[in-house]
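Participant: Sequence first, then the predicted structure:
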Amino acid sequence: MKNRISLWLCSTAGATLLAAPALAQTSATPAAPANGELPVQEIVVTAQKRSESLRNVPASVTALGGVALESSAVLSVNDALRAVPGITSYNSFQGGMTKFSVRGVSSNPSLFNGSSVVGYYLDEIPFAFARFPVSPDANAYDMERVEILRGPQGTLYGSSALNGVVRVLTRDANLNEFQLKARGSASSTRYGGDNLRGDVAVNIPIVPGRLAVRAVGGYSDYAGWIDLPIPGIKNVNDSKTKNLRLKANAEPVDNLNVEGLIWINRNDIGSSNNSRDDKTWLARFRQPASTDFDAYGLTVSYDFPTFSLLSATSHIKFKNSSIIDAPVGGARHLTELGARLWSQEVRAVSSNDGPWGWSIGGIYRDAQDNQRQNFDTLFSGLTLDFDYGSKSYAVFGEISRKFLDDRLTVTGGLRYFKDKTSYHETSYWVAGPLLPDRRENFDAVTPRAVIAFRPNTALSLYASYSQGFRSGFSQNGQVLRITNAAQSVRPDRLHNYEIGAKGRLADGLFEFDTALYYIDWKDTVQVLNVIVQTPAGQFGVNQAINSGSASGLGADLAVTVRPARGFDFGGTISVNNLEFDQDIISGTAVLFRKSSRLPESAKMTATAQAGYAFAVSEDFRLRLSTALTHMSKIYNTSGFTLLYGNNTTKVDTEIKLTSTKGWNVSLFADNITDDYGRVRRVGPQPVNDYADRLRPRTIGVQFELEI
């Protein structure tokens, strides 16, 4: 295996270096500046917990800026992430929540058996649950940027970053200027109805130069398009979202920065976006779902002459409630998921310009998840109420050394992680004694090593090895009652070998970002569907298992070309060959065949975009743009049945008129080809052959104002 990896890295390194001059970088969202002028502004990110040029970060990173996040086609941060190479996202069956896959690495289809494979941060707040692999659907308005790190981030970000991290970075309050911006849009969805959306952001200096607050509020009301023919309800999957974000920044003395963040989000839907091909669902009742989160963060930092010291304290309250009515007379059930997370991180990062660089820190996290389910039409008789706990801490550090006049940098890092997990029952389906509490400990050391070479200011090359880690957990009571010998789920670990090149050529005419990697994922966690007998009949229960290893090669490529003033085009493609290394067997039956892909794992994602901006007068500019996103088919599992989705392609177009007076108006068409393919199927028989769907063609107008 090691010889195979070494041979592959050597051959692909040569290919990357030969290909570099012919490609162009789209580490940031492919989009020209508002005025269509060249050169393009340098992008600064904090992916490695320090400010540096995106082109110099020796890792596969994409940065989405305000232009991309406030596009008319973007309903949330998670919506914008679909245009990032190697990222796939899909809605959970319960509704109102999103799951991610990065480079083919995905969590199993169950909502209750394992944390996410992708770390998710709101500023310094880690949004990481003990057992639920879902992420919030955060409003993308008035963001500084969103950074997406592909590959394991086990050193700086920890156990929730098995193969990537999403960092949602809100805009700081401006200490000196009053600012006001707003937008509103109205649109119509085919097969559905009218949609409305509005957002506003205001920045107020309280003590000029020392204290300011920035408030952002938003509301959206989107029509559904899926019908329930049995009760005769139309457009049942409508949605309403309300959010409020308040951020205060203070600099009471020089070099001391204090930041407070409050983020409140409410999302209510009439039903999930799952339907049959004819846009119907054979439920007998409405299936509403609500997803709420309250996030609170306090960050204090001080800049010393040679390093900065930071303390980040955070607290999250999360709740999802959903009703599912099984088609054609099945059981109706209510599922409530709740979580509370508290974390405290302290870290120090060097800031001097010498040859040595370093970072060191530690974090403590206390996560408590709750799963509650009531079954049958009246929500009585059958009740599950489980608590999952995780109390963990980690210490981490990285050190780097520059050589050859700062052109060559060698970096090494380690993280030690320890997790104490717990399982507690409050109630179970049937009468009888509850199972005793279960407690288990897991730990890991995850390393990272990087060699980066910058032959000039426009080109950067790197080679790296990194590990990702995800903690284990005990089986829940449903499984333990069926199989007394059921083993706890061991932690899984992912090894990533990668080389990459990124740069800018011909004064910004071409930009490129390319990476070639090999993934070796040990003890992947999958689920078996086993049957449990209750007084009301039989129910399928998901049992988590460590299903051996998966491995494969992959590549990411992003290109942007700006051949003339105001004109830009480009695209991205990400392909991975991540497959099981052996048959996965349950009893005598084969659950997954050797060389088959993992569930909910896309082999390829691709995007393309083109835009042209030009002046129509001294006061107005017009920009025409179109963007395409494509995801190859993924499959879900139901017992031993594999449920395949479709290749999906979404095309969005926009015409934007911008005034020098600080306003603009856009005409847009999203999913203009009206692709209604199956993103993720959830039912095996023709009568309940449901799948998560894209929103049908939506056409509208958006107005924006900034003063």
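Facilitator: On my side now, so go ahead.

Participant: quick one: Ser586 and Val527, what's the gap?
Facilitator: 10 Å (C-beta to C-beta, to the nearest Å). No exception for glycine: its C-beta is placed from N, CA and C like everyone else's.

Participant: joint contacts of these two?
Facilitator: Contact criterion C-beta atoms under 8 Å, 6 or more residues apart in numbering; residues shared by Ser586 and Val527: Ile545.

Participant: Figure out how far the host helix or strand of Lys650 is from the centre of its chain.
Facilitator: Using DSSP states H and E, Lys650 sits in strand 648-659. Offset of strand 648-659 from its chain centre (C-alpha atoms, centre = their mean, to the nearest Å): 23 Å.

Participant: give me the low-pLDDT residue ranges for the protein?
Facilitator: 1-41, 93-96, 159, 326-331, 376-382, 430-431, 484-485, 530-540, 639, 685-687 (pLDDT under 70).

Participant: Tell me where the stretch 601-707 of the chain has helices.
Facilitator: Applying DSSP state H, counting those that start in this stretch to the stretch 601-707 of the chain gives no helices.

Participant: just so I have it, where are all the helices in the stretch 201-350 of the chain?
Facilitator: With DSSP H, counting those that start in this stretch as the definition, the stretch 201-350 of the chain shows no helices.

Participant: related to what we said a few turns ago, list the buried residues of the strand holding Lys650.
Facilitator: Thr648, Lys650, Val651, Asp652, Thr653, Glu654, Lys656, Thr658 (16 or more other C-beta atoms under 10 Å).

Participant: likewise stretch 345-365?
Facilitator: Going by 16+ other C-beta under 10 Å, stretch 345-365 has these buried residues: Glu345, Arg347, Ala348, Val349, Ser350, Gly357, Trp358, Ser359, Ile360, Gly361, Ile363, Arg365.

Participant: The second one reaches Gly361, doesn't it?
Facilitator: Put plainly, it is Arg347. Yes: the pair Arg347 / Gly361 is scored as a contact, 2.8 Å apart, by C-beta atoms under 8 Å.

Participant: A helix includes Leu480, no?
Facilitator: Yes: counting by DSSP: H, G, I helix; E, B strand; the rest coil, Leu480 is found in a helix.

Participant: show me the contacts for it.
Facilitator: Leu480 neighbours (C-beta under 8 Å, 6+ apart): Leu435, Ala486.

Participant: ok, Ser586 and Val527, which is more surrounded?
Facilitator: Neighbour count, other C-beta atoms under 10 Å: between Ser586 and Val527, Val527 has more, with 21 against 17.

Participant: residues in contact with the more buried one?
Facilitator: Contacts of Val527 by C-beta under 8 Å, 6+ apart are Asn108, Pro109, Ser110, Asn113, Asn542, Gln543, Ala544, Ile545, Thr637.

Participant: hey, what's the last one bridged with?
Facilitator: What that stands for is Thr637. Leu642 (DSSP bridges).

Participant: Count residues in the vicinity of it, would you?
Facilitator: 22.

Participant: Pick out the most distant pair among the buried residues of stretch 345-365.
Facilitator: Gly357 and Arg365 (26.4 Å; C-beta to C-beta).

Participant: what about Arg562, how many neighbours?
Facilitator: With other C-beta under 10 Å as criterion, Arg562 counts 26.

Participant: Bridge partners for the residue nearest to it when sequence neighbours are not counted, pull those for me.
Facilitator: Among residues not flanking Arg562 along the chain, Asp568 sits closest, at 4.7 Å (C-beta to C-beta, 6 or more residues apart in numbering). Under the criterion DSSP bridges, Asp568 forms beta bridges with Gly611.

Participant: Asp568 and Gln609, how far apart?
Facilitator: 8 Å.

Participant: For Gln543, which residues are in contact?
Facilitator: Gln475, Val479, Ile482, Thr483, Ala486, Val527, Leu528, Asn529, Val530.

Participant: can you list these in TSV and add secondary structure?
Facilitator: Below are the contacts of Gln543 laid out as TSV (three-state DSSP):
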residue	secondary structure
Gln475	coil
Val479	helix
Ile482	helix
Thr483	coil
Ala486	coil
Val527	strand
Leu528	strand
Asn529	strand
Val530	strand
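
Participant: Buried among these? Need that as a selection in PyMOL.
Facilitator: The PyMOL selection below is limited to those of the contacts of Gln543 classed as buried (16+ other C-beta under 10 Å):
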select buried, resi 475+479+486+527+528+529+530
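
Participant: more neighbours, Asp568 and Gln609?
Facilitator: Per other C-beta under 10 Å, whichever of Asp568 and Gln609 has more neighbours is Asp568, with 25 against 22.

Participant: Look up how far Ala610 lies from that one.
Facilitator: Taking C-beta to C-beta, one finds Asp568 at 7 Å from Ala610.

Participant: can you check Arg697 too?
Facilitator: In terms of C-beta to C-beta, Arg697 sits 20 Å off from Ala610.

Participant: show me the contacts for the nearest residue to Val701 once chain neighbours are set aside.
Facilitator: Excluding the flanking residues, the one nearest Val701 by C-beta to C-beta, 6+ apart is Leu667, at 5.6 Å. By C-beta under 8 Å, 6+ apart, the contact set of Leu667 is Glu654, Ile655, Gly700, Val701.

Participant: Only the C-alpha atoms, please, for the longest strand along the chain, written as PDB.
Facilitator: In the chain, assigned by DSSP state E, the strand with the most residues is strand 382-403. Listed next in PDB are the C-alpha coordinates belonging to strand 382-403 (Å, rounded to 0.1, in the frame of the first residue of the first chain):
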ATOM      1  CA  LEU A 382     -44.800   4.000  22.000                       C
ATOM      2  CA  THR A 383     -42.200   6.300  23.300                       C
ATOM      3  CA  LEU A 384     -38.400   6.600  23.000                       C
ATOM      4  CA  ASP A 385     -36.400   9.000  25.000                       C
ATOM      5  CA  PHE A 386     -32.600   8.800  24.800                       C
ATOM      6  CA  ASP A 387     -29.800  11.100  25.900                       C
ATOM      7  CA  TYR A 388     -26.400  11.000  24.300                       C
ATOM      8  CA  GLY A 389     -23.500  12.800  26.000                       C
ATOM      9  CA  SER A 390     -20.000  13.700  25.100                       C
ATOM     10  CA  LYS A 391     -17.500  15.500  27.300                       C
ATOM     11  CA  SER A 392     -14.200  16.000  25.500                       C
ATOM     12  CA  TYR A 393     -11.000  17.900  25.600                       C
ATOM     13  CA  ALA A 394      -8.100  18.300  23.200                       C
ATOM     14  CA  VAL A 395      -4.700  20.000  23.200                       C
ATOM     15  CA  PHE A 396      -3.000  20.900  19.900                       C
ATOM     16  CA  GLY A 397       0.000  22.600  18.300                       C
ATOM     17  CA  GLU A 398       1.700  23.300  15.100                       C
ATOM     18  CA  ILE A 399       5.200  24.500  14.300                       C
ATOM     19  CA  SER A 400       6.700  25.700  11.000                       C
ATOM     20  CA  ARG A 401      10.100  26.700   9.700                       C
ATOM     21  CA  LYS A 402      10.900  28.700   6.600                       C
ATOM     22  CA  PHE A 403      13.900  28.100   4.300                       C
END
